[in-house]
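> what follows is a predicted protein model with its sequence.
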Amino acid sequence: MLPADRQQRDAVDSLVDEFTQQGLSRRAFIQRAVALGLSASAATSILAACGNNSGGSSSVSSVNLLTTWGSTELDSFKAVVDPFTKQSGITVKVDATRDLDAILTTRIRGNNPPDLAILPNPAKMQQLAAQNKLVALDSLVDMSKLQSDYAKTWLDLGSFNGKLYAIFYKAANKGTVWYSPKTFQSAGYTIPKTFDDMVSLSSRIASSGKFPWSMGVSSGAASGWPATDWIAEILLNQSGPDVYDQWVAHKIPWTDSKIKSAFQEFGRIAFGKHFINGAPQSILATDPQPASYLPFKSPPAAYMYYLGDFAAGFITSQFKSIQPGTGFDFFPFPTINPQFQGGVTIGADLVVAMKNNNGVRDLVRYLATAPAQEIWVKRGGFTAVNKSVPLSAYPDKVAQASAQQLTSATAGKYGAGDIMPPAMQQAWWKGMLAYIGNQGSLDSVLASLENTAKSAYAS
């Protein structure tokens, strides 16, 4: 029987929600209900009305996981969970979608959330945690072990209102420009140290009738995101970490000259004369994965490609015999402002739980361990967040160099869109499509993004 007092009833309603959705144990429910003034028998009656979702005590033989990973990433994740299934007998059923936000929202509204989800950014995690849609992980994992294996920064990013809701699982170094050392050497090209050098090299390649760049931003509902990575990396290296933080927090407007300058620097590549075959239409129509192949074809269809270090997995899956260090490599994103040299933007995928059962608990604990992460590390295209994964686990010097670049960055900043409000991130994706499609639209694109920001940050 619910209490008559409105304030007490609201508190009990909140407890019921925590019990049914977040895995609060029966014992903890009764203790907290009694502390609110209910009798133990009344608390027990309320529990009986809730059914048997008691603090994750249910036993399952399979768990459902929702993710954006596809192709080689999905293959590698399946390789990670295979040992888990063999050891635990729990099957991991993976649903992969490019439109994770819409699918997840629909499933939540339909009271059919996945057991777990792999989110591409902490902003979405914070939104779901605020809506009480996630299970707090503090009581599901060994926090002392987690604090030993993960830097405090990652645990803080995975927390909301003092509780841990996400395990940062797969990191990405977004300061990597991919190229073929063999091709560069045979053509007499040298690795550019500055952004101006990179544009000059691009012009040199273009003047010889070749295309210096490959670029693709088509990605379903998330189309545009690879271009936003360009803007974030440019702004960090051009204007520095303080301006970057102010922009992410919307303490300076999108129409600020520093933001406009970052877009214009990107435009020097995207709109360069004879820089990208078929641009701008080809940029808008090409997926980032096949775009990564062009510099490594024979003969090369391009010479440089910018994308996070997960591109290595795309390249090696497409070209089975390609050799790291000679056939493919990356050079660090070149210096724009010497004062801010070495800044690197970072991405990461987060593991969150939306139900609490034995399968969820066991899988979360497993994915957080170094041995589980080493499986993907050794396959390539994966940078581990767990500090206990040794550098020697990375399959080659290219992967090791990427991991080292992350740890030695003078300023490591989480990818801007991934920590902006989801509505802002999605508007930015669309804004990049508009800018790429029409170079002259920059002022109107920035003004539109500023209007979106005013409402997105207010809410």
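Yep, it's here. Numbers count the residues shown, from 1 in each chain.

> now stretch 130-147: how far from the chain's centre is it?
19 Å (Cα atoms, centre = their mean, to the nearest Å).

> same thing with stretch 428-442?
Using Cα atoms, centre = their mean, the offset of stretch 428-442 from its chain centre is 22 Å.

> neighbouring contacts of that stretch?
217, 222-225, 227-228, 231, 260, 263-264, 267, 270-271, 280, 283-284, 417, 420, 445-446, 448-449 (Cβ atoms under 8 Å, 6 or more residues apart in numbering). (C-beta placed from N, C-alpha, C; glycine too.)

> list the buried residues for the host helix or strand of residue 241?
Element membership of residue 241, judged by DSSP states H and E, is helix 225-248. Neighbour counts over helix 225-248 (16 or more other Cβ atoms under 10 Å) mark 225-241, 243-245, 247-248 as buried.

> for residue 155, give me its contacts.
Residue 155 neighbours (Cβ under 8 Å, 6+ apart): 146, 147, 164.

> residue 103: which of the residues you listed is nearest?
Proximity of these to residue 103 (Cβ to Cβ) peaks at residue 164, which lies at 24.7 Å.

> how near is the closest one to residue 447?
For residue 164, the distance to residue 447 equals 39 Å [Cβ to Cβ, to the nearest Å].

> okay, these two: which has more neighbours?
Neighbour comparison, residue 164 and residue 447: the larger count goes to residue 164, with 19 against 13 (by other Cβ atoms under 10 Å).

> for that one, list each beta-bridge partner.
Beta-bridge pairing of residue 164 under DSSP bridges involves residue 159.

> ok, so what distance separates it from residue 364?
According to Cβ to Cβ, residue 164 and residue 364 sit 11 Å apart.

> and what of residue 236?
Distance from residue 236 to residue 364, by Cβ to Cβ: 32 Å.

> over to residue 60?
Going from residue 60 to residue 364 by Cβ to Cβ gives 14 Å.

> narrow the contacts of stretch 428-442 to just the buried residues.
217, 222-225, 227-228, 231, 263, 270-271, 280, 283-284, 417, 420, 445-446, 448-449.

> out of these, which sit inside helices?
225, 227-228, 231, 263, 270, 283-284, 417, 445-446, 448-449 (DSSP state H).

> tally up the residues packed near the nearest residue to residue 368 once chain neighbours are set aside, please.
Nearest residue to residue 368, sequence neighbours excluded (Cβ to Cβ, 6 or more residues apart in numbering): residue 167, at 4.9 Å. Here the number of neighbours of residue 167 (other Cβ under 10 Å) works out to 24.

> please apply the same query to the one 5 residues further on.
By the measure other Cβ under 10 Å, the count of residues near residue 172 is 24.

> neighbouring strands of whichever strand or helix holds it in the sheet, and parallel or not?
Applying DSSP H and E as the criterion places residue 172 in strand 167-173. Sheet pairing of strand 167-173 (DSSP bridges) gives strand 343-353 (antiparallel), strand 383-384 (antiparallel).

> for stretch 297-316, which positions count as buried?
For stretch 297-316, by 16+ other Cβ under 10 Å, it's 300, 302-316.

> assess the claim that the residue nearest to residue 368 and residue 348 are in contact.
No. Between residue 167 and residue 348 there is no contact under Cβ atoms under 8 Å: 10.1 Å.

> tell me who's in contact with the residue nearest to residue 368.
137, 141, 146, 158, 350, 351, 364, 367, 368.

> now do the helices in the stretch 51-200 of the chain.
Assigned by DSSP state H, counting those that start in this stretch, the stretch 51-200 of the chain shows helices spanning 71-88, 100-109, 122-130, 143-149, 152-157, 181-187, 195-207.

> show me where the stretch 1-150 of the chain dips below the pLDDT cut-off.
1-29, 38-58 (pLDDT under 70).

> what about the strands in it?
62-67, 91-96, 116-119 (DSSP state E, counting those that start in this stretch).

> ranking those by burial, who's on top?
strand 116-119 (a mean of 26; mean count of other Cβ atoms under 10 Å).

> on that earlier part again, helices - which of the buried residues of stretch 297-316 land there?
Using DSSP H, the buried residues of stretch 297-316 in helices are 311, 312, 313, 314, 315, 316.

> which of those has the weakest pLDDT?
Minimum pLDDT across those is recorded for residue 313, with 87.

> show me the chain divided up by domain.
Domain segmentation of the chain under automatic domain parsing yields 6-50, 62-172+347-410, 176-345+415-458.

> farthest-separated two in the ones in helices among the buried residues of stretch 297-316?
Top of the distance list for these (Cβ to Cβ): 311 and 316, 9.7 Å.

> joint contacts of these two?
In contact with both residue 311 and residue 316: residue 381, using Cβ under 8 Å, 6+ apart.

> who wins for proximity to residue 327 among the strands paired with strand 167-173?
Across the strands paired with strand 167-173, closest to residue 327 is strand 383-384 (Cβ to Cβ), at 20.4 Å.

> and whichever helix or strand comes after that closest one, which residues are buried?
Per DSSP H and E, strand 383-384 leads on to helix 397-408 as the next helix or strand towards the C-terminus. Neighbour-count burial for helix 397-408 flags 398, 399, 401, 402, 403, 405, 406 (criterion: 16+ other Cβ under 10 Å).

> go ahead and name everything in contact with helix 397-408.
171, 173, 175-176, 309, 312, 324-325, 328-330, 332, 342, 344, 346, 377, 380, 383-384, 391, 394, 412.

> filter those to the buried ones?
So, by 16+ other Cβ under 10 Å, the buried ones in these are 171, 173, 175-176, 309, 312, 324, 328-330, 332, 342, 344, 346, 377, 380, 383-384, 394, 412.

> just to revisit the earlier point, would JSON lines of the strands paired with strand 167-173 with distance to residue 199 be doable?
Output for the strands paired with strand 167-173, formatted as JSON lines (distance: least, Cβ to Cβ, whole Å):
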{"stretch": "strand 343-353", "distance to residue 199": "19"}
{"stretch": "strand 383-384", "distance to residue 199": "28"}
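
> would you list these in JSON lines and tack on mean pLDDT?
As requested, these are exported to JSON lines (pLDDT from 0 to 100):
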{"stretch": "strand 343-353", "mean pLDDT": "91"}
{"stretch": "strand 383-384", "mean pLDDT": "88"}
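
> first-to-last residue distance for stretch 215-230?
Stretch 215-230 has its terminal residues 11 Å apart, counting by Cα to Cα, to the nearest Å.

> my bad, should have said stretch 315-322
Span of stretch 315-322 from end to end, Cα to Cα: 8 Å.

> brilliant, that's me finished.
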